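Q: After the sequence you'll find the predicted model.
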Amino acid sequence: METVLLAWNPRRFPWGSLEDELTQLRKGGSVTTRWSVGNRTTLSAGSRFFLIRLGVEPRGLVGSGWITSEPFEDLHWDHDRAKRGDTTRYADIYFDYLSETPLIDIEQLKSPPFSRVNWSTQISGIAIEEQVAINLEKLWAERTNGGPPIGLEELSTAKPAILSHSSRVYVNRYERSPRARALCLAHHGNRCSACQIILSEKYGNCAENVVHVHHLIPLSDILEGYEIDPINDLRPVCPNCHAVIHSRMPPYTIEELREIIERGKQRANQAMEPDA
């Protein structure tokens, strides 16, 4: 899995919708947008990114998330350059965390074990080498009061979302794949597909990244070398619904679980009705 640095200079690019997007993330919604990736012509969907605020104080890392498309060309983000017909390269991105002020300041980033990266770059899309990325994920998890998006032990070994029979486990590697998870949540959002809960609305910010990603195709039906389609094959589900789905073999479908939930609501309503 590649990790890249995206740059934001408020002097050059005022982020008019930042407050709205911060509010949306705090409520457990998803924030998707596009961002300039500099001179990058190739960048895999599912790559990890960190966003650094530069140009004005305070400087440092303010956001993180996932790249959800390959680079594409469009009119330049600078209005004057766009009027001249200038273009630049973008990629679609999905934020999993965003802060108004830096959570890791640039002075700390310039010190080991992070100092091998040019954090003062004005060009988006530069690569963050693997070991720096692993250390950065650890510190970022501490600063955001949450766990990293995938297990730290997987950061150096994450592969494209391809499942073989030899890798089957109940919490499957493909379900924790940064590529598959990012693309699934970018498309479907964080609302549970079965019970419709958004966990952060109930538990607050601590639950923003707790949503699970469930595979619609039963494990027994997946053939070796099958390539996951994150939009059509995966759905976000809350941990409770995910546990119930896998409480039998074959697993319940999401549609079956919705019917179970609806019957439970009907029984609860009937129990509350006064006797005739």
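A: That came through, no problem. Residues are numbered from 1 along each chain as shown.

Q: How about the longest helix anywhere in the chain, which residues are buried there?
A: Longest helix of the chain, by residue count under DSSP state H: helix 254-272. By 16 or more other C-beta atoms under 10 Å, the buried positions in helix 254-272 come out as I254, L257, R258. For the C-beta atoms, the positions are set from N, CA and C on the backbone; glycine is no exception.

Q: With distance to E273 added, can I get these in JSON lines?
A: Listed next are the buried residues of helix 254-272 as JSON lines, based on distance: C-beta to C-beta, whole Å:
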{"residue": "I254", "distance to E273": "29"}
{"residue": "L257", "distance to E273": "25"}
{"residue": "R258", "distance to E273": "23"}
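
Q: List just the nearest of those to I123.
A: Set against I123, the nearest of the buried residues of helix 254-272 by C-beta to C-beta is I254 (42.9 Å).

Q: mind listing the strands for the stretch 51-200 of the chain?
A: 60-67, 72-75, 87-98, 104-105, 126-128, 162-163 (DSSP state E, counting those that start in this stretch).

Q: How about residues contacting the fifth one?
A: This points to strand 126-128. With contacts defined as C-beta atoms under 8 Å, 6 or more residues apart in numbering, strand 126-128 is touched by E2, T3, V4, L5, G38, F50, V117, N118, L136.

Q: now do the second one
A: Counting by C-beta under 8 Å, 6+ apart, strand 72-75 makes contact with A82, G85, D86, T87, T88, R89, Y90, A91, all of which sit outside it.

Q: rerun that using 7 Å as the cut-off
A: A82, T87, R89, Y90 (C-beta atoms under 7 Å, 6 or more residues apart in numbering).

Q: same question, the longest one
A: The set of residues external to strand 87-98 that reach it, using C-beta under 7 Å, 6+ apart, is 21-22, 25, 30-38, 40, 43, 49, 62-77, 144, 149, 182, 185-186, 209.

Q: Repeat that for the first one.
A: Judged by C-beta under 7 Å, 6+ apart, the contacts made with strand 60-67 from elsewhere in the structure are 43, 45-53, 91, 93-99, 101-106, 109, 140, 178, 182, 186.

Q: Return a PyMOL selection command for the buried portion of the residues you listed.
A: Only the buried entries of the contacts of strand 60-67 go into this PyMOL selection, using 16+ other C-beta under 10 Å:
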select buried, resi 43+45+46+47+48+49+50+51+52+53+91+93+94+95+96+97+98+99+102+103+104+106+109+140+178+182+186
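
Q: So for the longest helix of the chain, mean pLDDT?
A: What helix 254-272 shows for mean pLDDT is 90.

Q: hmm, who's touching it?
A: Contacts for helix 254-272 (C-beta under 7 Å, 6+ apart): S193, A194, C195, R235, C241, V244, I245.

Q: I'd like the distance between D74 and R34.
A: 8 Å (C-beta to C-beta, to the nearest Å).

Q: and what of K265?
A: Plainly put, K265 is 40 Å away from R34 if you go by C-beta to C-beta.

Q: One more: F50?
A: Applying C-beta to C-beta, the value for F50 to R34 is 17 Å.

Q: low-scoring pLDDT stretches of the stretch 1-150 of the chain, where are they?
A: Across the stretch 1-150 of the chain, the ranges flagged by pLDDT under 70 are 24-30, 146-150.

Q: go on, the stretch 151-276 of the chain?
A: Ranges of the stretch 151-276 of the chain meeting pLDDT under 70: 151-179, 208, 218-225, 275-276.

Q: show me where it has helices.
A: Using DSSP state H, counting those that start in this stretch, the helices of the stretch 151-276 of the chain run over residues 178-188, 199-203, 230-233, 239-245, 254-272.
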